[in-house]
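*Asks:* Sequence and predicted structure, then a few things I'm wondering about:
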Amino acid sequence: MQHVLLFSVFVVAACGLAYELVAAALSSYLVGDSVTQFSTVIGVYLFAMGVGSWLSRHVQRDLAALFVRVELAVGVLGGFSAALLFWAFAWLSGPFLLLLYLLVFLVGVLVGLEIPLVMRLLEPKLKFKELVSQVLSVDYLGALAVSLLFPLWLAPRLGMVRTALLFGLFNVLVALWTLRLFRDELAGRRALWLQGGVALALVAAGFAGAERLSGLAEEALFEDRIVLTETTPYQRIVVTRWKSDWRLFLNGNLQFSSRDEYRYHEALVHPGLAAMPWARRVLVLGGGDGMAVREILRYPAIEQVTLVELDPAMPRLFRSHPALRRLNGDALNSPRVRIVEADAFRWLDQTEERFDFVVVDFPDPTNYAVGKLYTNTFYRLLERSLNARGRAVIQSTSPLYARQSYWTVVATVESVGLRTAPYHALVPSFGEWGYILAGREPYAPPPALPAGLRFLAPASVPALFQFPPDMARLPAEVNRLNNQILVRSFEQEWKQVIR
């Protein structure tokens, strides 16, 4: 019995950390600002565990029965936590954060009760020092196992909803096993067996129908029909379709609409590259959908395009799905394209390659993990990767809706010694959108553009570099790796737009 109870400690510790990670990861997917979400969720969860541990002192009898009830409760509540949060975000909107922290607190209290109850069940069988050392050792091992499995296998393979339900099943099975171990000592064991059976049926049914559970929530989140979804270690990928309009969402944020993505990508690539007829080697950082690569391949003189993408699921999806391949002109399968699966920051730091033109097409700086790609540290690496006459273009959020953030990026690029040529274009899905051309030489608009463009014309390019008063330059600080002021200003400005 001693070893079985110790193994139960391993399981309940793993389950407890899993619920914490699911809540933190899911809230960062849905709300953004991963550092804040992980910090606050972990803080509330640990506080709640302390409350649960303190409450355990008031339990004087029927320890095994209470442990069984706690396991069943945490199995059902924790198991359905991800589905509940998805639904809350889809249908409740405003109260989402309140429900998030309430759910985290309740699960934390239940988890905080578990270990003290197990220790008291083991107390007659172990000396105090052995009891504490063995229980805590097994507890930490369970936490280690989940902390490794969650990002490497559980989240990418099972998704958030099914991962939470899997650990809910483990909690319920621990409860049923404890019922069997203490069957001769428990009063009201028939009621407990009935409760255990109901909990097992609920969580097992949820696990079997996890895709449907998350699908219902996502259908409410997205206006159009969901064509495909995939959870990776880096993000949640959702593609929707309405008639001929295909849309890509990463962590709930729109990345493109096929109705007007050509405006964004033509503006991203051609003002810079068309002015460099001598360019032969191009680097694309981000842009795993292949749309920017499609525009680059319009230039016959380009010999090689190197695409560096952190999430291998993105280029894999846009190289294989027929409709998505049509959108990017099958660019990612071109023999002129080399795909590198790597973190752009680390790759730039380690590579000795130099490029004529670099396209920086990262998501907006909604969190500190992405924000590091908008710092002066990153732009120093970018400057080093350019040939003597090389130039880079950087997508830089909206100079209208996030004006301070946009000019912060400009000031940060200039801080590493590069000349900048800021410009903007209207993309209906996003509004006025900003870009920055950066190089060592002054910029002059190109006299000609590739044939077949739908948005840009040579005569219209100079107008992109004119800013009206409501988008004019503001004084701005440099975004540094140790302060990440851009993430905070970006979040504040876009909150005002959403309101």
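*Replies:* Looks like it came in fine. Numbers count the residues shown, from 1 in each chain.
*Asks:* isn't Pro156 right up against Arg236?
*Replies:* No: look at Pro156 against Arg236 with CB atoms under 8 Å: they stay out of range, at 10.5 Å. Placement of C-beta: from N, CA and C, glycine included.
*Asks:* the helices in the stretch 251-400 of the chain, which residues?
*Replies:* 261-273, 291-296, 313-320, 322-327, 344-350, 368-371, 376-385 (DSSP state H, counting those that start in this stretch).
*Asks:* Please identify the most buried of those.
*Replies:* Mean neighbour count (mean count of other CB atoms under 10 Å) peaks for helix 291-296 among the helices of the stretch 251-400 of the chain, with a mean of 26.
*Asks:* Who are the packing partners of it?
*Replies:* Packing partners of helix 291-296 (3 or more CB pairs under 8 Å, 6 or more residues apart in numbering; DSSP states H and E): helix 261-273, strand 281-286, strand 304-309, strand 355-361.
*Asks:* any chance you could map the strands in the chain?
*Replies:* For the chain, the strands defined by DSSP state E cover 225-231, 236-242, 245-250, 253-257, 281-286, 304-309, 337-341, 355-361, 386-395, 419-427, 431-439.
*Asks:* Mind picking out the helix or strand in this structure with the poorest mean pLDDT?
*Replies:* helix 210-221 (a mean of 72; mean pLDDT, DSSP states H and E).
*Asks:* looking at it, Leu6 is touching Val138, isn't it?
*Replies:* Yes: with contact defined as CB under 8 Å, Leu6 reaches Val138; the gap is 5.2 Å.
*Asks:* out of those two, which sits in the more crowded spot?
*Replies:* Val138 (21 against 18; other CB atoms under 10 Å).
*Asks:* Redo the strands of the chain as a markdown table? Include mean pLDDT and mean neighbour count.
*Replies:* What follows is these, written out as a markdown table (pLDDT from 0 to 100; neighbours: other CB atoms under 10 Å):
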| stretch | mean pLDDT | mean neighbour count |
| --- | --- | --- |
| strand 225-231 | 85 | 16 |
| strand 236-242 | 90 | 20 |
| strand 245-250 | 93 | 20 |
| strand 253-257 | 90 | 18 |
| strand 281-286 | 98 | 24 |
| strand 304-309 | 98 | 22 |
| strand 337-341 | 97 | 17 |
| strand 355-361 | 98 | 24 |
| strand 386-395 | 97 | 20 |
| strand 419-427 | 97 | 20 |
| strand 431-439 | 97 | 22 |
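*Asks:* Between those strands, which one is closest to Ala14.
*Replies:* Of all the strands of the chain, strand 225-231 sits nearest to Ala14, with 19.8 Å by CB to CB.
*Asks:* Relative to the closest one, what are the paired strands and their orientations?
*Replies:* strand 236-242 (antiparallel) (DSSP bridges).
*Asks:* And stretch 487-497, how far out from the chain middle?
*Replies:* Its chain's C-alpha centre and that of stretch 487-497 lie 18 Å apart, by CA atoms, centre = their mean, to the nearest Å.
*Asks:* and what of stretch 83-100?
*Replies:* With CA atoms, centre = their mean, you get 18 Å for stretch 83-100.
*Asks:* What mean pLDDT does it get?
*Replies:* The pLDDT scores in stretch 83-100 average 77.
*Asks:* Contacts for it next, please.
*Replies:* For stretch 83-100, contacts defined as CB atoms under 8 Å, 6 or more residues apart in numbering pick out 23, 26-27, 30-31, 41, 103, 160-161, 164-165, 206, 210, 213-214, 216-218, 220-221.
*Asks:* how about a cut-off of 7 Å?
*Replies:* Applying CB atoms under 7 Å, 6 or more residues apart in numbering, the set of residues contacting stretch 83-100 from outside is Ala23, Leu26, Ser27, Leu30, Leu103, Val161, Leu213, Ser214, Ala217, Ala220, Leu221.
*Asks:* Distance to Ile296 added to the helices and strands packed on helix 291-296, as a markdown table?
*Replies:* A markdown table is the format used below for the helices and strands packed on helix 291-296 (distance: least, CB to CB, whole Å):
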| stretch | distance to Ile296 |
| --- | --- |
| helix 261-273 | 6 |
| strand 281-286 | 5 |
| strand 304-309 | 5 |
| strand 355-361 | 7 |
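*Asks:* Of the ones you listed, which is nearest Thr420?
*Replies:* Nearest to Thr420, of these and by CB to CB, is helix 261-273 at 11.7 Å.
*Asks:* For that closest one, name the packing helices and strands.
*Replies:* Using 3 or more CB pairs under 7 Å, 6 or more residues apart in numbering; DSSP states H and E, the elements in contact with helix 261-273 are helix 291-296, strand 355-361, strand 386-395, strand 419-427, strand 431-439, helix 461-464.
*Asks:* pLDDT (mean, whole number) over it?
*Replies:* 98.
*Asks:* quick one, it and strand 245-250 angle?
*Replies:* 70 degrees (axes from the mean of the first three to the mean of the last three CA atoms, to 10 degrees).
*Asks:* what angle separates helix 261-273 from strand 281-286?
*Replies:* Using the same axes, to 10 degrees: helix 261-273 against strand 281-286 is 140 degrees.
*Asks:* Helix 261-273 to strand 431-439, inter-axis angle?
*Replies:* Using the same axes, to 10 degrees: helix 261-273 against strand 431-439 is 20 degrees.
*Asks:* CA atoms only for helix 261-273, dumped as PDB, please.
*Replies:* This file holds the C-alpha atoms of helix 261-273, laid out as PDB (Å, rounded to 0.1, in the frame of the first residue of the first chain):
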ATOM      1  CA  GLU A 261      -3.300  39.700 -48.500                       C
ATOM      2  CA  TYR A 262      -1.800  40.700 -51.800                       C
ATOM      3  CA  ARG A 263      -1.900  44.400 -50.600                       C
ATOM      4  CA  TYR A 264       0.100  43.500 -47.500                       C
ATOM      5  CA  HIS A 265       2.700  41.300 -49.200                       C
ATOM      6  CA  GLU A 266       3.200  43.500 -52.300                       C
ATOM      7  CA  ALA A 267       3.800  46.500 -50.000                       C
ATOM      8  CA  LEU A 268       6.100  44.400 -47.900                       C
ATOM      9  CA  VAL A 269       8.400  43.200 -50.700                       C
ATOM     10  CA  HIS A 270       8.400  45.300 -53.800                       C
ATOM     11  CA  PRO A 271       9.200  48.900 -52.600                       C
ATOM     12  CA  GLY A 272      12.500  47.600 -51.400                       C
ATOM     13  CA  LEU A 273      13.400  44.700 -53.700                       C
END
